[in-house]
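*Asks:* show me how the following folds:
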Amino acid sequence: VAVHTQMVIDELQKNSEYQSLDEQTKEILWASALLHDVEKRSTSEDLGNGIINANGHARRGEYTARTILYRDVLTPFYIREQIASLVRFHGLPLWLMEKPDPAKKVHEVSLRLNTKHLKLLAEADARGRICEDLGFLLDSLELFEMFCKEQRCWEKAREFASPAARFRYFNTPDSYVDYVPFEDFKCEITMMSGLPGMGKDHYIQSLDKDIPVVSLDAIRRKNKISPTDKSGNGWVVQTAKEEARSYLRKGQNFVWNATNITQQMRSRLVDLFVSYGAKVRIVYVEKPYELWRTQNRNREYPLPENVLDKLLSKLEIPQLTEAHDVEYIVK
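*Replies:* Next up, the predicted model:
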């Protein structure tokens, strides 16, 4: 993997299109090439006869790249997330047409990164190896570029008529990309997202004082339930959902205050809120690593350092596909 990674970096730097990029973009692509196979260390499996499988290395690599660039190599949020996204999707241009819905996939990816840059990384990945099917791989990359241009997401994010149109497209099976839904929301839900101790409560204090807050931490403390009590936390979540339903039935705006650090956590709640006709806004809060750890230590209810490290390794940043609006409050 180390030899291949060096070959990929060499091929990237030889590429004339790479050489014409601005210095910041070069750095983003160089770091992405360096990290693109970082999790082959944990996913590689020897199947015999010289065949080695590394299923899931790109997805896991996204988490590792994010952690390294947040904790160890201090990197601005928007640069870090471009690199993490390039690591996550570096193999997509080669295998796009094997996806169940290639168009929706490139639309999704275009909201996270520049598809031209993704192709440059994928080309370096293809050339940075000794293989017999290089011609096929390069043809796949040309097809990827043509398809992105056809889908209006080459070098730019796919545009949608409205946030509601974007949300419906990505969250409704067999939906049409240019369909514009009628907007008649009964209420607006603000869903907080962020690691413990990042400052979600502080952000909520800046909102309208009359808006109700459904807080999982508040329910835990009221009922003396530990955050590590799995069965107790199941009850906490159900209690919070019942409280949320009472507001949803009345068409009352409210804030859902919890960590919500994975896409799966968020999607279950968004599905619930939308089923009552709500508009959903996700607000992601992040502070620099050292400030975050200091804020946690100074909290009334601090979490152990090892728990924070475990949560950081699972962090998935909310994406524009997940809700009607996504806002990033990043220091």
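
*Asks:* what's the burial count for the residue nearest to residue 170 when sequence neighbours are not counted?
*Replies:* The shortest distance from residue 170 to any non-neighbouring residue, by CB to CB, 6 or more residues apart in numbering, is to residue 321 (4.1 Å). In this view, the C-beta of every residue, glycine as well, is placed from N, C-alpha and C. Neighbour count for residue 321, taken as other CB atoms under 10 Å: 18.

*Asks:* list the contacts of residue 321.
*Replies:* Neighbouring residues of residue 321 by CB atoms under 8 Å, 6 or more residues apart in numbering: 108, 111, 166-167, 170-171.

*Asks:* measure it to residue 263 for me?
*Replies:* 9 Å (CB to CB, to the nearest Å).

*Asks:* list the buried residues of the top helix by length along the chain.
*Replies:* Taking DSSP state H as the criterion, the chain has its longest helix at helix 230-250. Neighbour counts over helix 230-250 (16 or more other CB atoms under 10 Å) mark 233, 236, 239-241, 243-244, 247-248 as buried.

*Asks:* save the residues you listed as JSON lines, and put in pLDDT too.
*Replies:* Formatted as JSON lines, the buried residues of helix 230-250 follow (pLDDT from 0 to 100):
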{"residue": "233", "pLDDT": "87"}
{"residue": "236", "pLDDT": "94"}
{"residue": "239", "pLDDT": "96"}
{"residue": "240", "pLDDT": "97"}
{"residue": "241", "pLDDT": "97"}
{"residue": "243", "pLDDT": "97"}
{"residue": "244", "pLDDT": "98"}
{"residue": "247", "pLDDT": "98"}
{"residue": "248", "pLDDT": "98"}
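
*Asks:* show me which of those is closest to residue 38.
*Replies:* residue 233 (31.9 Å; CB to CB).

*Asks:* so where's the stretch 151-300 of the chain shaky on pLDDT?
*Replies:* For the stretch 151-300 of the chain, applying pLDDT under 70 flags no range at all.

*Asks:* do that again at 90, thanks
*Replies:* Counting by pLDDT under 90, the stretch 151-300 of the chain shows low-confidence ranges at 207-210, 224-233, 299-300.

*Asks:* for it, what spans make up the helices?
*Replies:* 163-171, 200-205, 216-222, 230-250, 263-275, 289-297 (DSSP state H, counting those that start in this stretch).
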